[in-house]
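K.L.:
Any chance you could fold what I've pasted below:
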Amino acid sequence: MTALRLLLCLAALLALAACSEDPRLQRDLRLAQVRQAFKAGGDIHLGVVWHGGPQSGFASGAQLAADELNAEGGVLGRQLVLHHVDEVPFLAAANVERAQAEGRYRNAMQTAGTAMARAMLEDPRIGAVVGHSDRGETTLSALAHYDAKGVLLLSTGSADARVKWMGSDLYFQLLPSDRRQIERLVREVVDRRWDNVHLVYESTQHNDQLVELLKSELANRNIALAGSTALVGDVLKSSAAPRRLQNSLSELREGAIDAVVLLAPPELGAQVMCYARSLGIAQPFIGTLPLDAPEFAAAVREVGEDTTVISLYRDNAYQARRFAEKLQARYPGRAADKWAALGYDSVRLYAQAVACAETVDPIVVSHSLHFKLPLWFGLLGQYAFRPGEAENAGTGFYAKALRRQTDGSLRFVFLDNPANDATLGQ
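P.N.:
Down below sits the predicted model:
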């Protein structure tokens, strides 16, 4: 089929889909467009959605993977073309910040997620998407739109159980589950022999779910949750908020509490820790994946020593250091962090699944991920999807702690191999 005939057929299919309100017909027509474009010998088209678009670390890692694959001959002899969508303008259009203050956060985020997915699927050649940085709400609504159109989603930001419960055969969660993260955090609490902990957390839909998992796991390990402090909005920016936080944290100075569990993004987490230290609170802090960030380490430089976080990425391994060198050479100044590595892995994993399926048909590619790739190794470790399951059952979590360096800076060191931290993987 010539390129002109292909374009005419795609235009006819799009017109038919637009006139039809039957979701099954729209899905079938979308799949027909993807298959037809592939059979005509064109490139393989993959969508990439992330906060910051092509300039983000995630997108940079994804593009590096595509460039390497194309230099090696492509996938099935075709070039892999990435199409980027930046989440930022869609979040701004949905007035997410104002909606959060007015209690309409979930609706605004889901509206933004649907708009992102629609923008991505304006190109009829895209049969798969990697990305979405949000932990739950935008991914939830985007997945509903992708699934309705028969498009595969390799989710790289969400570990929200509600997304997985949608039961789509075209959804794959590249992050390990929240339950496994909480289990690793509590295991570290047990290893430290902490018997009583206090919880400080930003009150979001996702963190509320983490709190329930944490309470259950602490109870299973006979660890007392002595108290909790929920942070709502810009908790430290209003005039009255610091006093409320001070009253909530005062028991840490009086009671026999061993540590503070902190569930918050980097900026807020650093603010809470610095404020707690100014109150004379000396207990160690332990946090989840969001605190594994250089901006957090930089912000708590004077008070953050021995803070423990749960990490997803062995950034000191040989392959990780080689990846960092390549990324920095291509994109100077961009961090070769876990998100950049996940962008790289997601594109490589999709390419491998397409090579096994010998097609870009989303249904057949999904079958390959379940049955033909029982175990695939990437920068973040193993990726494995049990038949019928969306969650990555391979990649795990590690514990790291901030340690003071000779130059006075703080650097995260893996706790399971601190002696040879700089040479792991050589």
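K.L.:
Distance from the chain centre to stretch 279-287, please.
P.N.:
With Cα atoms, centre = their mean, to the nearest Å as the basis, stretch 279-287 stands 27 Å off its chain's centre.
K.L.:
Please renumber the chain so that the first residue is 332 from this point on.
P.N.:
OK, 332 is where the count begins now, so the last one is stretch 610-618.
K.L.:
Which residues does that stretch contact?
P.N.:
Applying Cβ atoms under 8 Å, 6 or more residues apart in numbering, the set of residues contacting stretch 610-618 from outside is 516, 519-520, 523, 529, 577, 580-581, 583-584, 588-595, 600, 604, 607, 635, 637-641. Backbone N, C-alpha and C define where each C-beta goes, glycine included.
K.L.:
likewise stretch 404-423?
P.N.:
For stretch 404-423, using Cβ under 8 Å, 6+ apart, the contacting residues are 369, 372-385, 390, 393-394, 397, 400-401, 440, 443-444, 446-447, 450-451, 454, 457, 463-465, 469, 678, 682, 685-686, 689.
K.L.:
Would you mind stating the distance between residue 528 and residue 535?
P.N.:
20 Å (Cβ to Cβ, to the nearest Å).
K.L.:
out of these two, which sits in the busier spot?
P.N.:
Set residue 528 next to residue 535 and count neighbours by other Cβ atoms under 10 Å: residue 528 wins out with 24 against 21.
K.L.:
By mean pLDDT, flag the weakest helix or strand of the chain.
P.N.:
helix 334-350 (a mean of 53; mean pLDDT, DSSP states H and E).
K.L.:
for the helix or strand following that one, packing partners?
P.N.:
Downstream of helix 334-350, the first helix or strand assigned by DSSP states H and E is helix 354-370. Helices and strands touching helix 354-370, by 3 or more Cβ pairs under 8 Å, 6 or more residues apart in numbering; DSSP states H and E, are helix 334-350, helix 468-480, helix 693-698.
K.L.:
residues of the last one that come out buried?
P.N.:
Residues of helix 693-698 classed as buried: 693, 695, 696, 697, 698 (neighbour count, 16 or more other Cβ atoms under 10 Å).
K.L.:
And that helix, what does it pack against?
P.N.:
helix 354-370, strand 483-486, helix 669-688.
K.L.:
Which stretch among these approaches residue 425 most closely?
P.N.:
strand 483-486 (19.8 Å; Cβ to Cβ).
K.L.:
gap between the closest one and the chain center?
P.N.:
12 Å.
K.L.:
who touches the following helix or strand past that strand?
P.N.:
Using DSSP H and E, the helix or strand that follows strand 483-486 in sequence is helix 492-495. By Cβ under 8 Å, 6+ apart, the surrounding residues in contact with helix 492-495 are 467, 470, 471, 474, 486, 502, 504, 508, 509, 540, 721, 722.
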